[in-house]
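Q: Coordinates only, no sequence provided:
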């Protein structure tokens with residue numbers, strides 16, 4: 001059994017109306033139209049989202065990797081979410097050798113990952129290097145008090161402000177910003193509080 005950290009999404013052990021699960025599925029559903037070619041799901045966790053994408057986009061995907069730093073999560077994913085286009089393996093998003101190990105990708109999915117690493121700017125450089133020219137990065141993160149402020153969450157190094165989040169994508173050739181509240185992901189509307197940001201960035 002995969003240990004529940006309080007943030008890990010393990011659909012087989014969750015109520016179908018659990019909001020954390022619904023938000024998780026919403027992000028992967030949102031990413032489907034952007035997902036093609038060689039695909040990397042970084043910090044893939046229990047593997048449900050990777051398998052969901054592989055199944056839904058099987059006609060557009062050449063191969064897909066679900067990579068997570070937790071060997072327990074990788075083993076759980078292997079045993080619970082098989083798909084012929086999908087390979088789960090252990091790996092660290094901050095490892096500069098990941099590109100040599102896995103190659104480059106047409107699409108990278110990174111949901112609720114960046115707040116778990118000590119240096120968000122280094123993380124973004126790793127993702128940029130892993131993308132092929134013209135490739136798409138679809139990334140989400142919760143907003144908070146900022147990079148140098150405690151987040152109040154035990155597994156988060158920080159939670160970026162909206163402005164800090166947007167600046168991370170300056171190296172990309174184009175970027176669209178969306179915002180999430182519950183299962184809704186949309187362009188910003190006036191006077192609506194959005195706890196999470198979602199970006200689609202093209203290298």
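A: Structure's in. What do you need? Every value quoted in this text rests on a predicted model; they were computed, and no experiment measured them.
Q: what about the chain, any weak spots by pLDDT?
A: 1-7 (pLDDT under 70).
Q: Quick one: the helices in it, in order.
A: 19-31, 48-56, 71-80, 98-102, 120-130, 162-167 (DSSP state H).
Q: Measure how far the fourth one is from the centre of its chain, please.
A: If I follow you right, that is helix 98-102. 18 Å (C-alpha atoms, centre = their mean, to the nearest Å).
Q: If we go by neighbour counts, what in it is buried?
A: 98, 102 (16 or more other C-beta atoms under 10 Å). Any C-beta I mention is one placed from the backbone N, CA and C, and that applies to glycine too.
Q: Run through the neighbouring helices and strands of that helix.
A: Applying 3 or more C-beta pairs under 8 Å, 6 or more residues apart in numbering; DSSP states H and E, one finds that helix 98-102 contacts strand 61-68, helix 120-130.
Q: Out of the ones you listed, which is closest to residue 109?
A: strand 61-68 (9.3 Å; C-beta to C-beta).
Q: now the closest one and helix 48-56, what's the angle there?
A: Taking axes from the mean of the first three to the mean of the last three C-alpha atoms, to 10 degrees, one finds strand 61-68 and helix 48-56 inclined to each other by 170 degrees.
Q: residues in contact with residue 70?
A: Applying C-beta atoms under 8 Å, 6 or more residues apart in numbering, one finds that residue 70 lies in contact with 45, 90.
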